[in-house]
Each structure stands twice: as structure tokens, then as C-alpha cells.
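Below are the sequence and a predicted model for it; my questions follow.
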Amino acid sequence: MARQDPNLSLVALRIEIESMLRNIARGHHLEWERRSAGRLLSQLHEAGIFSGDLVAGLRDLISLGNQAAHGTEVTPEAAEWALDHAGAILGRLTGYLGD
């Protein structure tokens, strides 16, 4: 799918990341309603839940998803890179859901 429609792939990944961030924030009793993905990341980092390297990687993926959502052409290579790493990143986020 990344080669056929990289923008759609990145937007879907961004939506999934934001959904997981909301669930993690809610699970840690942080404000989560009406919060952007960037703000959720900041809150989770400030609360000591997320490390700086995780936040940096997620910001990069969210940024690619935002660019794609706003019609900026994303190369198939960028989408493939993001999707190649998405499984590991989403898996890492899943580990925070049960905390």
C-alpha cells in the first residue's frame, strides 16, 4: 500500500499513533480530550512516561502523517521507511497501554 498511496498509508499510521497516545494518556490519568498528538507526546514525556528518543521518533512519524494529510507529496521511500518501522513503534506503544 505504501507504494500505491504513500500519503494514505502515512495518514492511517498517524491516526493510529494519535489514538494510542490518547489511550495511554487516559490510562495514566493525564488530560487527553481535545489534545493534539504533539501535546499528548509532550505531556507523556513531561510525566516521565515516555523517553526522549521515543518522543523524537513519534514526532517524526506524526509530522510525516500531517504532511501527507495536508496534501504534501510524500515519497514512496519515506512512506516505506515509516511503515517498516511502524510495527516496532506501535508495538512499543502497546507496552504502555497496560501500565
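In hand now; what should we look at? The shown structure was predicted, so the numbers you read here are calculated from the model rather than taken from an experiment.

where does residue 31 land in three-state SS?
Put simply, residue 31 is coil when judged by DSSP: H, G, I helix; E, B strand; the rest coil.

isn't it right up against residue 42?
No. Counting by C-beta atoms under 8 Å, residue 42 is not a contact partner of residue 31; they are 11.1 Å apart. C-beta here means a position set from N, CA and C on the backbone, and glycine is covered the same way.

Those two - which one has more neighbours?
Neighbours were counted for residue 31 and for residue 42 using other C-beta atoms under 10 Å; residue 42 has more, 15 against 11.

Tell me which residues touch residue 97, please.
Neighbouring residues of residue 97 by C-beta atoms under 8 Å, 6 or more residues apart in numbering: 20, 23, 24, 27.

ok, the third one - contacts?
Read that as residue 24. Counting by C-beta under 8 Å, 6+ apart, residue 24 makes contact with 40, 44, 49, 93, 96, 97, 99.

what does the first one give?
Counting by C-beta under 8 Å, 6+ apart, residue 20 makes contact with 90, 93, 94, 97.

what about the second one, neighbour count?
Yep, that's residue 93 we're talking about. Neighbours of residue 93 (other C-beta under 10 Å): 19.

Same question for the first one.
Burial of residue 90, expressed as a neighbour count using other C-beta under 10 Å, amounts to 14.

Only C-alpha atoms, please: export the least confident helix or strand in the chain by mean pLDDT in PDB.
The weakest-scoring helix or strand in the chain, judged by mean pLDDT, DSSP states H and E, is helix 76-97 (a mean of 85). Provided in PDB are the C-alpha atoms of helix 76-97 (Å, rounded to 0.1, in the frame of the first residue of the first chain):
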ATOM      1  CA  PRO A  76       7.200   6.100  -1.500                       C
ATOM      2  CA  GLU A  77      10.600   5.700   0.200                       C
ATOM      3  CA  ALA A  78       9.600   7.900   3.100                       C
ATOM      4  CA  ALA A  79       6.300   6.000   3.500                       C
ATOM      5  CA  GLU A  80       8.100   2.700   3.200                       C
ATOM      6  CA  TRP A  81      10.600   3.700   5.900                       C
ATOM      7  CA  ALA A  82       7.800   4.800   8.200                       C
ATOM      8  CA  LEU A  83       5.700   1.700   7.600                       C
ATOM      9  CA  ASP A  84       8.800  -0.500   8.000                       C
ATOM     10  CA  HIS A  85       9.300   0.900  11.500                       C
ATOM     11  CA  ALA A  86       5.700   1.300  12.300                       C
ATOM     12  CA  GLY A  87       5.200  -2.200  13.700                       C
ATOM     13  CA  ALA A  88       8.100  -1.800  16.200                       C
ATOM     14  CA  ILE A  89       6.900   1.600  17.200                       C
ATOM     15  CA  LEU A  90       3.300   0.600  17.600                       C
ATOM     16  CA  GLY A  91       4.400  -2.400  19.500                       C
ATOM     17  CA  ARG A  92       6.400  -0.300  21.800                       C
ATOM     18  CA  LEU A  93       3.400   1.900  22.400                       C
ATOM     19  CA  THR A  94       1.200  -1.100  23.100                       C
ATOM     20  CA  GLY A  95       3.500  -1.800  26.000                       C
ATOM     21  CA  TYR A  96       2.400   1.400  27.600                       C
ATOM     22  CA  LEU A  97      -1.300   0.600  27.400                       C
END
